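[1] Sequence first, then the predicted structure, then my questions.
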Amino acid sequence: MSQPRFDADVPHRRIDVDDWDGVYVVGDVHGCRAELEQLLDELGVTEDDLVVFVGDLVRKGPDSAGVVSLVRNADNMFTVRGNNEEKLIRGTKELDALSGEQLAWIRNLPVAISWEDSLVVHGGVDPRKPLADHTIDELENVRALSDADGEPYWWEVYQGPSRVFFGHTPLSAPVARRHAVGLDTGCVYGNELTAYDWREDEFVTVAPDKTVQERAESKWVKPVVVPMQ
């Protein structure tokens, strides 16, 4: 499949997965380093495996600096910018725990990562417009296609061509569709931290020991299960 095309303002990284044994995509970590380490152990990740994050490594959880340090210092780990990284870049939020070097690293993160027919962004894509017409804000924040923040969600109507891996929306369980895979299963809210094993086509999850932030039941999105075609 041809490489996806973005607006010139959207930083994009293309990866050759033939260079890696296992390929894993991980949902929103939000500073939950202990759970991330547990998940990486569960996956059996080695330096020969690729780990890609859907963004929002930081904020809300107890150890944002630790998560950034782990990912930043690993040659086999890459992440896109999430809306919470963007808030730090734009100065609308601050995180004193991060060093100047860590913030500089965050500023240089791509907004999209792709390989073969797979695309990783934080929020998602709007199926009503070409990928090249998407802004950074849209790729980091898109969720609902209506004026209200509810159904239909973009992944319910998106038909490709890329299979998009995304976070941003706290889900009671992963979204598993032919062209969309949602991985933010709300670890920081006491649910799970989820990874997708790209080569084996399966999810791997770990549960946190505690809930860092409470989230109302009404705010969880419960994905509709659809048969894979």
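    Alright, I've got the coordinates. What you see is a predicted model; the values in this text were computed from it and never measured.
[2] Quick one: low-confidence residue ranges for the chain.
    1, 147-150, 227-229 (pLDDT under 70).
[3] Do a quick rundown of the helices in it.
    In the chain, helices defined by DSSP state H lie at 33-43, 64-72, 83-90, 100-107, 136-141, 154-157, listed in chain order.
[4] what about these, which gets the closest to residue 56?
    With Cβ to Cβ as the criterion, residue 56 lies closest to helix 83-90 of the helices of the chain, at 4.7 Å. Glycine gets a C-beta too; all of them are placed from N, C-alpha and C.
[5] what's near enough to touch the most centrally placed residue in the chain?
    Compute the mean C-alpha point of the chain, and by Cα atoms, centre = their mean the closest residue is residue 54, 1.6 Å away. Residue 54 is in contact with 25-28, 79-80, 82, 120-122, 165-168, 183-184, counting by Cβ atoms under 8 Å, 6 or more residues apart in numbering.
[6] Identify the residue spatially nearest to it, adjacent ones excluded.
    residue 167 (3.6 Å; Cβ to Cβ, 6 or more residues apart in numbering).
[7] just residue 209 next, same as before
    In space, residue 209 is closest to residue 34, 7.6 Å off (Cβ to Cβ, 6+ apart).
[8] burial of the one you found, as a residue count?
    17 (other Cβ atoms under 10 Å).
[9] picking up where we left off before, ok, the residue nearest to the centre of the chain to residue 66 distance?
    Using Cβ to Cβ, to the nearest Å, residue 54 is found at 19 Å from residue 66.
[10] next one: residue 98
    10 Å.
[11] Now do the contacts for the residue nearest to residue 54.
    27-28, 54-56, 82, 122-123, 182-184.
[12] go with 7 Å
    Going by Cβ atoms under 7 Å, 6 or more residues apart in numbering, residue 167 touches 27-28, 54-56, 82, 122, 183-184.
[13] ok, it to residue 160 distance?
    Counting by Cβ to Cβ, the gap from residue 167 to residue 160 is 19 Å.
[14] Phi and psi next, for residue 186.
    Per-residue torsions, residue 186: phi 70, psi 50 (degrees, to the nearest 10).
[15] Find the nearest non-adjacent residue to it, please.
    Per Cβ to Cβ, 6+ apart, closest to residue 186 is residue 170, 4.2 Å.
[16] Pull the number of nearby residues for the one you found.
    Number of residues near residue 170 (other Cβ under 10 Å) recorded here: 19.
[17] And residue 161, by the same measure?
    By other Cβ under 10 Å, 11 other residues sit near residue 161.
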